[in-house]
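Colleague: Here's my sequence, what's the structure:
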Amino acid sequence: MVQTTRPPADLTAGHRRRIKQKFKQQGLAGLYDYEVLELLLTWCIARKDVKPAAKKLLERFHTFQGVVDAPLEDLTAVSDIGEHSALLIKLIRACCDYYLSAAAEKRNIISSPQSLISYLRSSMAHLHDEQFRTVYLNAKNEILHDEVIQEGTVDQTAVYPRKIVERALAAGAVSIIVVHNHPSGDPAPSAHDRHLTEALVSATKVLSIRVHDHIIIGRYGYYSFAEHGALQHSQPG
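Modeller: Okay, here's the model as predicted:
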């Protein structure tokens with residue numbers, strides 16, 4: 001008598017159903033990191049056990065955050081992760097930033113700054129090089145848009161106050177928030193950061209554009225010049 005076993009495909013399908021059911025009942029809080037990645041990969045890898053691929057991603061990038069922050073080419077270098085799977089992972093990261101940006105856009109950022117901080121930390125904390133952004137605000141302190149003014153190598157970004165003023169005028173901004181990241185992870189301001197802030201306040205004051213804040217984003221936190229009372233007070237009212 002020949003013994004038979006359940007086909008591997010049936011086992012895989014059953015495991016996928018259990019992961020999805022677990023998510024429906026408990027949300028992501030009820031899943032381990034590798035299970036979150038498994039769930040994600042089920043939408044781009046068909047009829048195959050995706051647990052090994054999920055665990056390989058964690059071996060390579062250590063955490064779920066490390067996986068979604070990884071460059072596309074690094075993701076595809078992991079065995080069993082093709083371009084289709086890597087693009088889905090990067091789409092998840094882009095959707096998070098898009099959602100947080102939209103959530104911040106129509107709010108009074110000065111009276112409710114946390115949505116802006118969440119967006120900035122999501123989009124900048126993982127960067128390996130320094131990036132300098134300006135957020136342009138209207139008279140209601142709502143975001144008109146934000147843009148990258150300068151990208152540089154680690155620990156060095158050349159930012160010119162005149163360029164920021166010109167861009168603020170072009171955007172029709174009443175006020176601005178300037179932001180940059182510290183790839184080292186420590187958001188504490190350097191002497192250069194303080195001097196740059198003073199120069200920006202002086203340059204914008206002449207044109208009645210207010211610098212509401214200078215925010216430094218680190219890997220595990222942020223520093224706000226406004227929150228620490230470190231902005232000059234001689235700004236336009």
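Colleague: Tell me how the chain divides into domains.
Modeller: 8-97, 109-224 (automatic domain parsing).
Colleague: Any idea how far the shortest one is from the middle of the chain?
Modeller: The one in question is domain 8-97. The chain centre lies 19 Å from the centre of domain 8-97; the measure is C-alpha atoms, centre = their mean, to the nearest Å.
Colleague: tell me the average confidence for that domain?
Modeller: Computed over domain 8-97, the mean pLDDT rounds to 89.
Colleague: secondary structure class for V135?
Modeller: Classification of V135 using DSSP: H, G, I helix; E, B strand; the rest coil returns strand.
Colleague: I'd say it and I176 touch.
Modeller: Yes: the pair V135 / I176 is scored as a contact, 6.5 Å apart, by C-beta atoms under 8 Å. C-betas here are computed from N, CA, C, even on glycine.
Colleague: okay, now the closest residue to R167 other than its chain neighbours: neighbour count?
Modeller: Leaving aside its chain neighbours, R167 sits nearest to T134 (6.3 Å; criterion: C-beta to C-beta, 6 or more residues apart in numbering). T134 has 25 neighbouring residues, counting by other C-beta atoms under 10 Å.
Colleague: for Y32, same thing?
Modeller: Neighbour tally, Y32, other C-beta under 10 Å: 11.
Colleague: For the helix or strand containing R16, name the packing helices and strands.
Modeller: R16 is part of helix 8-26 when elements are defined by DSSP states H and E. Under the contact criterion of 3 or more C-beta pairs under 8 Å, 6 or more residues apart in numbering; DSSP states H and E, helix 8-26 touches helix 33-41.
Colleague: So what touches the helix it packs on?
Modeller: For helix 33-41, the external contacting residues (C-beta atoms under 8 Å, 6 or more residues apart in numbering) are 19-20, 22-23, 28, 31, 50-51, 53-55, 57-58, 63-64, 67, 85, 88-89, 92.
Colleague: Go again with 7 Å.
Modeller: 19-20, 23, 28, 31, 50-51, 53-55, 57-58, 63-64, 67, 85, 88-89, 92 (C-beta atoms under 7 Å, 6 or more residues apart in numbering).
Colleague: Next: stretch 207-220.
Modeller: 110, 120-121, 124-125, 137, 165, 168-169, 173-182, 185-187, 189, 193, 197, 200-201, 204, 222-226, 231, 235-236.
Colleague: quick one on the thing from earlier: beta partners for the residue nearest to R167?
Modeller: Judged by DSSP bridges, the bridge partners of T134 are E147, V178.
Colleague: and it, what does it touch?
Modeller: By C-beta under 7 Å, 6+ apart, the neighbours of T134 are 146-147, 149, 164, 167-168, 176, 178.
Colleague: Give me the buried subset of these.
Modeller: 146, 149, 164, 168, 176, 178 (16 or more other C-beta atoms under 10 Å).
Colleague: Closest to A104 out of these?
Modeller: D146 (9.2 Å; C-beta to C-beta).
Colleague: What's the separation between the closest residue to the closest one other than its chain neighbours and L39?
Modeller: The shortest distance from D146 to any non-neighbouring residue, by C-beta to C-beta, 6+ apart, is to V135 (4.3 Å). Going from V135 to L39 by C-beta to C-beta, to the nearest Å gives 34 Å.
Colleague: what ranges do the helices span in this protein?
Modeller: Assigned helices in the chain, in chain order: 8-26, 33-41, 51-61, 64-69, 72-76, 83-105, 114-124, 161-171, 191-205 (criterion: DSSP state H).
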